[in-house]
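This is a predicted model, with the sequence first.
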Amino acid sequence: MPSLDEDIQRGEEAKRLLATDAHKRAVAAVQAAIVQAMIDCPLQDKQLLNELKLILKLHKDYQSALEFAVKNGQIAAHNLEIERTAAEKLKRLF
């Protein structure tokens, strides 16, 4: 299980990646290409359409995984701050 510091680092990396214009353009281009392939898919080719749906889902899962890493990193940073504050309070007591 990753440490809080590792979660924070991964979250920051994911946040930086999501913020880049190159990544935004790439994600949009891939999604547009998948959707266009679905539009162009012959109605009778159900197997291809199902495969394209799966690809689109996986593409969205990729984006969700990065967003989850960002949120997880933010939670880890919050938890780390709580731990540090508690440790400081304990030091003052003893």
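Yep, that arrived.

For this protein, which segments are assigned as helices?
Taking DSSP state H as the criterion, the chain carries its helices at 4-19, 21-40, 46-93.

Distance of residue 31 relative to residue 37?
Look at residue 31 and residue 37: by C-beta to C-beta, to the nearest Å, they are 11 Å apart. Any C-beta I mention is one placed from the backbone N, CA and C, and that applies to glycine too.

quick one, which of the helices of the chain is packed in tightest?
Stretch with highest mean neighbour count among those: helix 4-19 (a mean of 15; mean count of other C-beta atoms under 10 Å).

Which strands or helices does that one pack on?
helix 46-93 (3 or more C-beta pairs under 8 Å, 6 or more residues apart in numbering; DSSP states H and E).

one more time with 10 Å, if that's ok
helix 21-40, helix 46-93 (3 or more C-beta pairs under 10 Å, 6 or more residues apart in numbering; DSSP states H and E).

mind checking how far the residue nearest the centre of the chain is from residue 55?
For the chain, the residue lying nearest the average C-alpha position, counting by C-alpha atoms, centre = their mean, turns out to be residue 66 (1.3 Å). Remark: distance between residue 66 and residue 55 (C-beta to C-beta) = 17 Å.

Cool, thanks, talk later.
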